[in-house]
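> Just the structure for this:
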Amino acid sequence: MKITKVESFALHVPITPPITDAINAASHWGLPGVRIYTDEGIVGYGYTGTCALGDEMIVQTIDRYYGPALIGKDPFMVKEIWDDLRFGAMHWVGRAGIAHMALAAVDIALWDIISKAAGKPLWKYLGGHKPQRIKAYNTNGGWLNWTKERLIRDVSEIVEQGFTGVKMKVGKPDSREDYDRVKAVRKVIGDDIILMIDVNQQWNITTAMTWGKKLEEFDLYWLEEPLNPDDVMGHKKLADELNVPIALGEHVYNKYAFRDYIHQGAVEYVQADVTRLGGITEWLQVAGLAAAYDLPMCPHVGDMGQIHQHLVASTQNAIMLEYIPWIRDIFVEPATVENGYYVLPQMPGASTEMKPDCFEKFRVL
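Modelled structure (predicted):
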């Protein structure tokens, strides 16, 4: 099998209503990515996830640097291709961020081709571990721009739908408001529901130490991204001092950075995101590293769960998966949760293939 054509794209799918957390505001979810065609008629889809900003730079990287290097290659040589692209023309300027997200899109498309050619869903091709279902937790009711009343209503509805875990955003200018909102949510969902909070990097170490301690009383499952994602030692201090476990990985872009976090004991739930790492190839390496330290994988879903459901289902130390349903309707086989659990996909591939009408409707590049 040989690659014959590489076509980049970017879609912008509306988020209704728009959301904010402590660092981002988004009205659309961006899917810059690639379709890779082969001489055997199999087409692989790969993409990364953005707040619909900067997508053109990811697309340009694919068009100018990665796409031409793929023509004539055998997609089954995905690890060799990964090395060639990672250490190729973009290595000097792009070992993270734009170039790495473009690499993720390419790598995901290659694994989509491989598992389609094998006639198996990706989770089974990789070696299945959870053949029935995956535990889901819901993030889509806890946004920072929600009023406290809407926050309470939405998390209550999430629990009624069968979810046993919810995550809410914190990071208000006045941390006393965060405390009040967390207290209200814990009261309404009760003690049996898992509750996580996500700061989206907005605290300094003093705020994190102070309010992390105060919020311990609400039996939090984890404290997510409390500090700048490059501050390994700050997270280590929090992990050492707080009783709430530290979760992070959404903005950690390569296995070496994860190695440093893990080796220092600065992370306790590893949230590696396949769309921020260099795709499936590097995600599997991080999962193996975490497993060597007996740390659980709980991916952040820049892909909105389409690809990660396969990775969690095939990884021993992956324990559950975030659920945000913004883009599921554009896919041929959308990520589906029933009674708080992901239903595993059965079609061959990585669940990245998009409906033609939706592809054209939301395409901007």
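> wait, V332 sits on M354?
Yes. Under the criterion of Cβ atoms under 8 Å, V332 makes contact with M354 at 6.9 Å. C-beta here means a position set from N, CA and C on the backbone, and glycine is covered the same way.
> Counting neighbours, go ahead and name the busier of the two.
Neighbours were counted for V332 and for M354 using other Cβ atoms under 10 Å; M354 has more, 22 against 15.
> thought the more buried one was touching F331?
Yes. The pair M354 / F331 is scored as a contact, 5.8 Å apart, by Cβ under 8 Å.
> Distance from the chain centre to the longest helix anywhere in the chain, please.
The residue-count maximum for a helix in the chain (DSSP state H) belongs to helix 98-118. The offset between the C-alpha centroid of helix 98-118 and the centroid of the whole chain comes to 15 Å, using Cα atoms, centre = their mean, to the nearest Å.
> Now do K187 against M196, distance only.
For K187, the distance to M196 under the criterion Cβ to Cβ, to the nearest Å works out to 16 Å.
> more neighbours, those two?
Comparing K187 with M196 by neighbour count (other Cβ under 10 Å), the higher total belongs to M196, at 22 against 11.
> and that one, that's in a strand?
Yes. When classified by DSSP: H, G, I helix; E, B strand; the rest coil, M196 is found to be part of a strand.
> does it really touch E224, like I thought?
Yes. Applying Cβ under 8 Å as the test, M196 and E224 come out as touching, 6.2 Å apart.
> low-confidence ranges in the stretch 201-350 of the chain?
Low-confidence segments of the stretch 201-350 of the chain, defined by pLDDT under 70, are absent; every residue clears the threshold.
> Could you pull out the strands in it for me?
222-224, 246-248, 269-270, 321-323, 336-338, 341-343 (DSSP state E, counting those that start in this stretch).
> Give the residues shared as contacts by M196 and E224.
K167, A247 (Cβ atoms under 8 Å, 6 or more residues apart in numbering).
> Show the contacting residues for V106.
Counting by Cβ under 8 Å, 6+ apart, V106 has contacts V34, I36, G46, I62, Y66, L70, I81, L85, G279.
> Closest one of these to K169?
Within the contacts of V106, the smallest distance to K169 is 27.4 Å, found for G279 (Cβ to Cβ).
> what about the closest one, distance to N254?
Relative to N254, G279 is positioned 11 Å away (criterion: Cβ to Cβ).
> Which one's more surrounded, the two?
Between G279 and N254, counted using other Cβ under 10 Å, G279 has the larger neighbour count: 29 against 17.
> what's the nearest residue to that one if we skip its chain neighbours?
Computed as Cβ to Cβ, 6 or more residues apart in numbering, the closest residue to G279 that is not its neighbour in sequence is D107, at 2.6 Å.
> wait, what's in contact with the one you found?
G46, V78, I81, W82, G278, G279, I280, T281, E282.
> so H251 sits right up against P229, yeah?
Yes. Between H251 and P229 a contact is recorded at 3.9 Å, counting by Cβ under 8 Å.
> hey, what's in contact with both of the two?
Q201.
> more crowded one of these two?
H251 (19 against 16).
> who touches the more buried one in this structure?
With contact set as Cβ under 8 Å, 6+ apart, H251 has these partners: Q201, E225, P229, R276.
> What is the nearest of the residues you listed to M90?
Of all the contacts of H251, R276 has the smallest distance to M90: 15.8 Å, by Cβ to Cβ.
> check contacts around the closest one.
T48, H100, M101, A104, G249, E250, H251, V252, Y253, H300, G302.
> and it, what are its phi and psi?
phi -100, psi -40 (degrees, to the nearest 10).
> Make 192 the first number, not 1, from now on.
Okay, using 192 as the starting number, the last item reads as R467.
> Could you measure from it over to I510?
The span separating R467 from I510 equals 20 Å under the rule Cβ to Cβ.
> for the stretch 192-341 of the chain, what spans make up the strands?
Counting by DSSP E, counting those that start in this stretch, the strands of the stretch 192-341 of the chain are 194-211, 216-229, 234-238, 324-329.
> Summarise which helices and strands the longest one is packed against.
It refers to strand 194-211. Counting contacts by 3 or more Cβ pairs under 8 Å, 6 or more residues apart in numbering; DSSP states H and E, strand 194-211 packs against strand 216-229, helix 246-252, helix 258-261, helix 547-553.
> any idea which of the strands of the stretch 192-341 of the chain is most buried?
For those, ranked by mean neighbour count under the definition mean count of other Cβ atoms under 10 Å, the leader is strand 234-238 at a mean of 25.
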